[in-house]
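K.L.:
Could you work out the structure for the sequence below:
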Amino acid sequence: MKCISKNIKLIFLGAFLCAALTGCGRVINDDYESMLDSEQINPMVTSQESVLKEKSFAYDLCLPEDTKAPGGSDLSVGTAGLFDLGSRNTIYGSGLTTRVYPASTTKLMTALVALKYGSPSQKITISENAAYPGADAQRLVLEPGDSMSLEQAINYLLVFSANDVAIAIAENIGGSYDEFVSLMNTEARAIGATGTHFTNPHGLHDEDHYTTPYDLYLILNEAVKYDLIRKILPQSGYNTMFVGPDGSNKSIAVNATDAYLTGDVDAPEGITVLGGKTGTTEPAGHCLIILSQNAAEDYFISVVMKTESLDELYSDMNLLLSEIPN
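P.N.:
Numbering: from 1, shown residues only. Next up, the predicted model:
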């Protein structure tokens, strides 16, 4: 396996992410099943003429096409995809517009919205509501009154998938929890993720909180345009000093939830995992979306949703990564 450290290749995407990562544009003649209305610009446009007229992001995005199974055999799930960001090609797709629960992959949108509407140096204060997100929720075990910068908070959010931090970010950046969630839905529509609806910033289960594998590709594709997110995603762990309610210094060290980054799972030969986001709840199953790079330094996004076990999750992901040309 090859995984980059937090101080290596911090410019691994650079201008390519700000331009070429807009993706894989072609046109097919089916409507995206999750399209909310005919006026919404959507990657599943119906004619080449409309694409050229609108000059929308759809012209440069991979499309949600079902393709052959990788390696000639089916994955354990029917909701997965592999997207070549340079050649603008969907290498593999199965159930790309199927509604699924995102679990903590939600936090990619949380980070994206936080950086769009906030500043990395902005102070994030932990409320009592944020400090107690639920008995079974992954959290840092912060106290009400603890504070840190938004940059520190997003590190904990993406590396450790901290639900208490997700709530705190929403409350501090959105002005209110509900307003932040509204911004998440607005941004989802703006990038074409019309099969997605958020009810919270963390991904804990809600029947009305859902996405699609294709929409997650759109979200990660947008998220990695932010320098800070590109810096955070490859980290195998994180530790920082923040401030307690009495003004004292506090520190919490965490490990990444992604087994590629911690070295517990090896990617196929020649593939470098550049990070992404895990997610697990009982209704969502085990989920993973990652950005990776081949030996030729081309970029790919791969997503696997709703496996029954972690072993199946990483086995399926490696099947996808094995389809990446080197």
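K.L.:
where do the helices sit along the stretch 101-250 of the chain?
P.N.:
For the stretch 101-250 of the chain, helices defined by DSSP state H, counting those that start in this stretch occupy the ranges 107-117, 128-131, 150-155, 163-174, 177-190, 213-223, 227-232.
K.L.:
Tabulate these (TSV), appending mean pLDDT, mean neighbour count and distance to residue 253.
P.N.:
No exception for glycine: its C-beta is placed from N, CA and C like everyone else's. Supplementary listing: these in TSV, determined by pLDDT from 0 to 100; neighbours: other Cβ atoms under 10 Å; distance: least, Cβ to Cβ, whole Å:
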stretch	mean pLDDT	mean neighbour count	distance to residue 253
helix 107-117	98	25	19
helix 128-131	94	16	19
helix 150-155	98	24	12
helix 163-174	97	26	15
helix 177-190	97	18	27
helix 213-223	97	27	24
helix 227-232	97	19	15
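K.L.:
so who does the nearest residue to residue 131 once chain neighbours are set aside touch?
P.N.:
Nearest residue to residue 131, sequence neighbours excluded (Cβ to Cβ, 6 or more residues apart in numbering): residue 144, at 4.9 Å. Counting by Cβ atoms under 8 Å, 6 or more residues apart in numbering, residue 144 touches 126, 127, 128, 130, 131, 245.
K.L.:
so which two of these are the farthest from each other?
P.N.:
130 and 245 (12.9 Å; Cβ to Cβ).
K.L.:
what comes up buried for stretch 280-296?
P.N.:
280-281, 284-294 (16 or more other Cβ atoms under 10 Å).
K.L.:
Likewise for stretch 242-254?
P.N.:
242, 243, 250, 252, 254.
K.L.:
wait, which of these is closest to residue 206?
P.N.:
Distances from residue 206 to the buried residues of stretch 242-254, taken by Cβ to Cβ, are shortest for residue 254, at 25.2 Å.
K.L.:
For the contacts of residue 144, could you give me a markdown table that also reports distance to residue 152?
P.N.:
A markdown table is the format used below for the contacts of residue 144 (distance: Cβ to Cβ, whole Å):
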| residue | distance to residue 152 |
| --- | --- |
| 126 | 12 |
| 127 | 17 |
| 128 | 20 |
| 130 | 14 |
| 131 | 16 |
| 245 | 16 |
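K.L.:
quick one: which of those residues is nearest residue 79?
P.N.:
Distances from residue 79 to the contacts of residue 144, taken by Cβ to Cβ, are shortest for residue 130, at 31.1 Å.
K.L.:
pretty sure that closest one is touching residue 180, no?
P.N.:
No - in this structure, residue 130 is not within contact of residue 180 by Cβ atoms under 8 Å, at 11.9 Å.
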